[in-house]
Structure formats: C-alpha cells, structure tokens
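Chemist: Sequence first, then the predicted structure, then my questions.
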Amino acid sequence: MIKVHPLAAAATAAAFAAATTAFSSIYVTTGRETFTIWMKSLVMQGNGCTVYNENGEIVYRIDNYDKKCSDEVYLMDLQGKVLFTILRKNQWFSRKWVGDRCNDSNLNTEKQQFQVRKNLRNIRKGDISCEVIIIGCDNMGQASSCYIIKSLAGKSAFRITEDNGKLAAEAKRKLSSSGVLLGEDVLTLEVEPNVDHCLIMALITVYGLIHHRL
C-alpha cells in the first residue's frame, strides 16, 4: 500500500506536538516549501483535509465531520488551534467566502481578512478562476493585495498568483517516491519563498469548498 506521506507513519505523537509548536511561529520562510495535501479528515468518516510538511509531520487540518461544504469552516493546526475562520456569505446575485485570521499575541500577527469571489467574466470560456482580496488592519480597511486562484489541467491542479502574475503557490497530483501518480485527493503543494503558507492554506480551503471537495 502506498502511503500518502512515507515519513508520516514513523512520527510519534510527541514529535507531532513539538513540530506543531515550532511551525506555529513560522509561516513565512526564505526558501520554497513543499507540503502534501490529503483531502481526508483525521476524523474517521469525516470531511476535511490533512496537510503534511516535508518531514511527514501534520501542520494543518480541517475537520467538517459529517457535513460537506459547510458554511463555516476552521483551518487548524494539529492540536486544534484555529488559525483561520472561513464563512460563506450568500448574496442575491453572487456568493463570496470571507476568511478571518485569528490573532495570536505571542506571534505579533496583525488582524487580517480575505474575501474570495468567483471570477465570472471568463467562465463561458472555461476559465474557472477566483479573485482574492486581502485586507489588513493597517490600511483602514483598504485592499492591501490581491491573488488569483486558477484551475489547471485535470480535476485537482491549480495555481495561486499575485495580481502582477508572480507565482505564489502551485498544487498538482502527487507522485510517490516510486513514481506512481496518486489519486485526485492527494496533492503536492509548493509554496514560493516569502509567501505566508498559512494564508495559502486558507485560500486552498476556500478553493476546496467552491469545488465541493471539503
């Protein structure tokens, strides 16, 4: 049987806890980081996803239990600490998703919110993409940056770029160490240097909700 992450089975609960504590304060690094996203919850027969780092340690998780495509979803670390709260907002003409970052005084993280909407302008051309607006507390509520989430070839692959076209992260189906292409529910995520991978995971959560995968 091919493991989703070959190192995960060898890690102990104590190692997981120690790794989670270390990673809770490191969301932006100077090097490219690689993660494995498994579209399965840690809760048996539940909906959600589990994210491993390069060492096979769980760093993020989502558990929706028996409800799929919930209107309220929490991105958490391994120990269940909420990092982002994501809400679906229905409007008469469209639908958007709003994510609120949970402040951590120990990390000096600023209040941050994002909004995600489907880009309907090119949907007739088969261009299924989403526009992301990031709002911080230091700019009096004005949009501070923007991302685009765009589907690539296949059901699972997608790319997240900045509004200037610069790549922020890309996900595609994972290849095992022996070269076997794993299922549509197992992805390799590469996050570019100096990009907040906690924020990226929150955006991926919304992308999964839009495509009814969580």
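Modeler: Structure received.

Chemist: Give the buried residues for stretch 83-98.
Modeler: For stretch 83-98, burial by neighbour count (16 or more other CB atoms under 10 Å) applies to 83, 84, 85, 86, 88, 96, 97. Every C-beta, even on glycine, is put in place using the N, C-alpha and C of the backbone.

Chemist: before we move on, what about stretch 189-206?
Modeler: When neighbours are counted by 16+ other CB under 10 Å, the buried residues of stretch 189-206 are found to be 189, 191-192, 195-206.

Chemist: Which members of those are positioned in strands?
Modeler: When strands are assigned by DSSP state E, the members of the buried residues of stretch 189-206 inside them are 189, 191.

Chemist: list the contacts for residue 146?
Modeler: Contacts here follow CB atoms under 8 Å, 6 or more residues apart in numbering; on that basis residue 146 touches 131, 132, 133, 134, 162, 163.

Chemist: The third one: helix or strand, and which one exactly?
Modeler: Using DSSP states H and E, residue 133 sits within strand 129-136.

Chemist: With only the CA atoms kept, save that strand in CSV.
Modeler: The C-alpha trace of strand 129-136 is given here as CSV (Å, rounded to 0.1, in the frame of the first residue of the first chain):
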residue,chain,number,x,y,z
SER,A,129,-10.8,31.2,-11.5
CYS,A,130,-11.3,33.1,-8.2
GLU,A,131,-10.3,36.6,-7.2
VAL,A,132,-8.9,37.1,-3.7
ILE,A,133,-8.7,40.4,-1.9
ILE,A,134,-6.5,40.6,1.3
ILE,A,135,-7.5,43.3,3.8
GLY,A,136,-5.2,44.2,6.7
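
Chemist: all helices for this structure, in order.
Modeler: Taking DSSP state H as the criterion, the chain contains helices spanning 13-23, 197-210.

Chemist: Those: lowest mean pLDDT?
Modeler: For the helices of the chain, the bottom mean pLDDT is recorded on helix 13-23, which sits at a mean of 38.

Chemist: quick one: residue 64 and residue 212, what's the gap?
Modeler: Applying CB to CB, to the nearest Å, the value for residue 64 to residue 212 is 12 Å.

Chemist: Residue 150 too?
Modeler: 18 Å.

Chemist: For stretch 170-177, give me every contacting residue.
Modeler: Contacts with stretch 170-177, where a contact means CB under 8 Å, 6+ apart, come from 2, 4, 6, 36-37, 152, 154, 156-160, 181-184, 186-190, 204.

Chemist: For the buried residues of stretch 83-98, give me CSV that also has pLDDT and distance to residue 170.
Modeler: Conversion of these to CSV gives the following (pLDDT from 0 to 100; distance: CB to CB, whole Å):
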residue, pLDDT, distance to residue 170
83, 94, 21
84, 95, 20
85, 94, 26
86, 94, 21
88, 90, 25
96, 88, 24
97, 92, 21
